[in-house]
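Participant: Fold the following and give me the result.
(2 chains)
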There are 2 protein chains.
Amino acid sequence: MLPYKNLIIIDKKDSLSIYRQISLQFISLIQEGKLPPGAALPSTRNLAFDLQLHRKTIVAAYETLVSENWIDNLPRKSYTVSPNLPMVRPRSYNSKRISPFSESGNFDFEHYEPVMPLSLSLNNCRIEINDGFPDISLLPVQTIAKEFKKALESSASSKRSAVNLDGGSANFKISLCSFLNKTRGIDMGVENLFTTRGAQMAIYIAASLIIKPGDKVVVSEPTYFIAETLFEKLGAELIRIPMDADGMRTEELENILKKNVIKLLYIIPHHHHPTTVTMSMERRNHLMQLIDAYNFAVIEDDYDYDFQFKYDPYLPLASGNHRGNIIYIGSLTKVLGSPFRLGYMIAASDFLQAAARMRTLIDLRGDFIMEETISGMIANGDLARHIQKTNKLYSQRCDFLSDQVRTELGDMVDFTKPTGGMALWLKFKPEYDLSKIIKKANLKGLSIKGSAYCNGKDAHFNAFRFGFASLNELELAEAVSIIKKTAQSL
Amino acid sequence: MLPYKNLIIIDKKDSLSIYRQISLQFISLIQEGKLPPGAALPSTRNLAFDLQLHRKTIVAAYETLVSENWIDNLPRKSYTVSPNLPMVRPRSYNSKRISPFSESGNFDFEHYEPVMPLSLSLNNCRIEINDGFPDISLLPVQTIAKEFKKALESSASSKRSAVNLDGGSANFKISLCSFLNKTRGIDMGVENLFTTRGAQMAIYIAASLIIKPGDKVVVSEPTYFIAETLFEKLGAELIRIPMDADGMRTEELENILKKNVIKLLYIIPHHHHPTTVTMSMERRNHLMQLIDAYNFAVIEDDYDYDFQFKYDPYLPLASGNHRGNIIYIGSLTKVLGSPFRLGYMIAASDFLQAAARMRTLIDLRGDFIMEETISGMIANGDLARHIQKTNKLYSQRCDFLSDQVRTELGDMVDFTKPTGGMALWLKFKPEYDLSKIIKKANLKGLSIKGSAYCNGKDAHFNAFRFGFASLNELELAEAVSIIKKTAQSL
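Facilitator: The predicted structure is shown next:
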């Protein structure tokens, strides 16, 4: 309810009668949108009390408004703003009637460029190819809901646990630490773990702490476009190193290191984004030697590690001997789906202290209840079971899609079947213009929203990520068929 | 499980027998912490398959490890790393055995100063006075859990709804918009609403978009310490304007505006943080004239609006005619409690577009499931009922604490009973050194964690926020009694 006591001002010395002063002020409130169509007016009794007037005065004011069609008198004596007022937003009727937010403020601010590639502005369609997101229809909803309720109950009954200013739930840290140790062989303690809202916040904080304007930052070409945009925003000078089938070309990195002071290397050794390439052991060893020799900071973005179709991954670079130079970033979002924004950063403890302090300014603290919820799922094995189950299905979908693409699109595209993850990287031959395919396929009921590198900086790739994890075989087949027909009819 | 296929390397030409090569490599994995005490080894069958060896070779390797006490052979033929290995982290035994994260990386990064005042480093005690947080034991846990499950189910069944890159759930925006319109009389559409992780992220994004190094920013003295730290971090030159019983002294603001170009004003007109003062109508009108005349950006931080003990608040400044110059920031965290990080920013749509783009770099997108959960609670009236119920109780607690303080601490402190909110602002007389009281009270079982201004920039205030909302009358009385005894014994 609006605070009428301060909104309706009565001037007893005014020549206008009091009931009319009230009704006119209600008309203003309606015209200004403060009382939208359908909104209830206060009861005559309450308003009379608030304004210290006789109730009959209020009734008179309301009856005037009813007779002028501003408000309706409903059964049981309640009054509401007329739902079909023709003059509710009458710019000509009352020139003052403009929302204060309809104008741009008269001050400068930074207008960010959009960071999303073209494909993300498409219409939604019957079938949507995403960047490589999990199938959230497979989520153990009952289990999550149960753990959530438990976390909420325990938090509500012990008032204090919730307030943990250094970044989230201690239980979650302990169970996540053990999960990461078991699956990734990373030798660490909870003091090396910092939990965030998804991997993106971890990248944002790590990069913001490290990069100063003018610093040289090495990325692969192409690379994860949001990270690249962020580094540029922070003032980095980007040096791009090409990829091949073995990952980033470390011999080129070595040449660059010989001639430049490099502040940071951003690398995705497993299922590289967008190309899905996994870095070879030789390159990994070479990179570790370079880190040892040149002492630069490394952000190892390992968003997709948990999905390995043969389960024979190389361990992360961070499990090796890097003397604190690697900041390892990962996420449970690829395990649980995009509604769950739980990421983490593993680093030396002095770096994490700075990260926690910076995070206070951005976000105060973590998502305590959700962290407790997922902590329960890690502890009782539900998370590992969910990974095992979905990994098996995604492996089948990857096989199926790879066969389909080979059979149906074999002469149009190049691709290498990945050893894990949730996407194929389809490179179209130059005669098939991907930006046209994306636009035309959208009209045929298919929106291709996986990162498309057919425009902008990386236009020469003419390629996109075909996320297969969230589509069933019928959908995958239909998507391939639409792409084929679209490409043939260009 | 670790990827043993890549971890255990067999050299058939080596003079060392194969089973011994295997057992030695397991010892390394244990020493390096990759296999922690209690961890399960792969079954002999699986490892034999992975390494393409005969199972008897694996059994021989494991039996050697058992005889050397590295691993245990449990019933049902499973093998686990011995839980009480004396040499698991033997620095002298193996000089290489140091976690790669135990060293600081050899690169520069920004070491943030801690932003928390002294009082937040205290031990937890029997009774804790916080900054003014709600009592989460009053949360309607069943309702929230039910809405959460519903949101999760509906999200899991319609794969696409979850991915909304411009910042969260559309349902939440619509219901929140209507809630804000009804309670605050703000004339706005959903295009003027941007949802964030708590108010802090809204302040971070708004300030980052507006402030350039060297810009002059006006704040009250004292002010919310995290916002102040943020503005300084962004390079702002802060101009501080004193408060009195009517809020920020706008006549001083006018003098400053006459002589300076001010980029941004940060103001908390309702229940000012930390002082709890509510700005008078005269000052509000004066401020609106100044905004109109000088055209600077204003962040109106209204973290506490929903708690008004008499429900006769002034409407927010943002409901007036400010032509897009005000950015209104609020939160549901003060309604639901600190585990729920849901905030929002109301502003002109071009500003919000920049905010959404910046947010992509920080955090990708919002907390979809939680937004849907709370959206359900707004729609069915549960949120409004919860506010009504808690507001009544907090009002009683405020009365009770004010009486206690007047009776017991009357000659030690000054304070003004607030008209709403969740804290008293207790100003100790100079002869009572608050920093000493806080430290000594901590030894008597009371931790005073509400923002204390007895150290740092605002040291001359010798005051702290006594959050009363989350404590019952017994706890409030005991806290006052401990403070009294501590102060008397200084």
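Participant: which residues touch the closest residue to chain B within the stretch 351-490 of chain A?
Facilitator: Nearest residue of the stretch 351-490 of chain A to chain B: residue A:357, at 3.5 Å (C-beta to the nearest C-beta). Yep, even glycine has a C-beta here, placed from its N, CA and C like the rest. The contact partners of residue A:357, by C-beta atoms under 8 Å, 6 or more residues apart in numbering or on different chains, come to B:112-115.
Participant: Identify the residue nearest residue A:191 in space, chain neighbours excluded?
Facilitator: Nearest residue to residue A:191, sequence neighbours excluded (C-beta to C-beta, 6 or more residues apart in numbering or on different chains): residue A:349, at 4.7 Å.
Participant: Now for that neighbour: which residues touch it?
Facilitator: Counting by C-beta under 8 Å, 6+ apart, residue A:349 has contacts A:191-192, B:101.
Participant: Repeat that for residue A:361.
Facilitator: Residue A:361 is in contact with B:115, B:200, B:204, B:226, B:229-230, B:233, counting by C-beta under 8 Å, 6+ apart.
Participant: circling back: could the contacts of residue A:349 be laid out in JSON lines, adding pLDDT?
Facilitator: Formatted as JSON lines, the contacts of residue A:349 follow (pLDDT from 0 to 100):
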{"residue": "A:191", "pLDDT": "88"}
{"residue": "A:192", "pLDDT": "93"}
{"residue": "B:101", "pLDDT": "87"}
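Participant: which among the residues you listed gets closest to residue A:262?
Facilitator: Distance to residue A:262 across the contacts of residue A:349 (C-beta to C-beta) is lowest for residue B:101, with 21.2 Å.
Participant: before we move on, the earlier item: which of the contacts of residue A:349 count as buried?
Facilitator: Among the contacts of residue A:349, the ones that count as buried by 16 or more other C-beta atoms under 10 Å in any protein chain shown are A:192, B:101.
Participant: who does the strand ranked longest in chain A pair up with?
Facilitator: Longest strand of chain A, by residue count under DSSP state E: strand A:237-244. Strand A:237-244 pairs in its sheet with strand A:216-221 (parallel), strand A:247-248 (antiparallel), by DSSP bridges.
Participant: average pLDDT across it?
Facilitator: For strand A:237-244, the mean per-residue pLDDT is 96.
Participant: now swap in stretch A:414-422 and tell me
Facilitator: Averaging pLDDT along stretch A:414-422 gives 94.
Participant: Kindly report the same for stretch A:287-298.
Facilitator: Across stretch A:287-298, pLDDT averages out at 94.
Participant: is chain B contacted by it?
Facilitator: Yes - using C-beta under 8 Å from any C-beta of the partner chain, stretch A:287-298 reaches chain B at A:295-297.
Participant: Please state the offset of that stretch from the chain centre?
Facilitator: Centroid separation for stretch A:287-298 versus its chain: 31 Å, with C-alpha atoms, centre = their mean, to the nearest Å.
Participant: got it, and stretch A:326-338?
Facilitator: Put simply, stretch A:326-338 sits 12 Å off its chain's centre (C-alpha atoms, centre = their mean).
Participant: just stretch A:205-217 next, same as before
Facilitator: Computed by C-alpha atoms, centre = their mean, the chain-centroid distance of stretch A:205-217 equals 22 Å.
Participant: Span of that stretch from start to end?
Facilitator: In stretch A:205-217, first residue to last residue: 15 Å (C-alpha to C-alpha, to the nearest Å).
Participant: what about the lengthiest helix in chain A and chain B, touching?
Facilitator: Once chain A is assigned using DSSP state H, the helix that runs over the most residues is helix A:382-409. No - with C-beta under 8 Å from any C-beta as the measure, helix A:382-409 is seen stopping short of chain B, the closest distance being 9.3 Å.
Participant: what comes up buried for that helix?
Facilitator: Of all the residues in helix A:382-409, those buried under the rule 16+ other C-beta under 10 Å are A:382-384, A:386-387, A:390-391, A:394-395, A:397-398, A:400-402, A:404-405, A:408-409.
Participant: Ok, stretch A:216-233 next?
Facilitator: So, applying 16+ other C-beta under 10 Å, buried residues of stretch A:216-233: A:216-231, A:233.
Participant: And for stretch A:3-10?
Facilitator: Buried positions in stretch A:3-10, judged by neighbour count with 16+ other C-beta under 10 Å: A:3-5, A:7-8.
Participant: can you tell me which residues contact residue A:200?
Facilitator: The neighbours of residue A:200, taking C-beta under 8 Å, 6+ apart as the test, are A:226, A:343, B:360-364.
Participant: next one: residue A:420
Facilitator: The neighbourhood of residue A:420, defined by C-beta under 8 Å, 6+ apart, consists of A:270-271, A:278, A:304, A:307-310, A:313, A:391.
Participant: now swap in residue A:433 and tell me
Facilitator: Going by C-beta under 8 Å, 6+ apart, residue A:433 touches A:454, A:462, A:490.
Participant: Are any of those buried, and if so which?
Facilitator: For the contacts of residue A:433, a neighbour count by 16+ other C-beta under 10 Å gives the buried set as A:454, A:462.
Participant: just the contacts of residue A:433 now: which is nearest residue B:322?
Facilitator: For the contacts of residue A:433, the nearest to residue B:322 is residue A:454 (43.6 Å; C-beta to C-beta).
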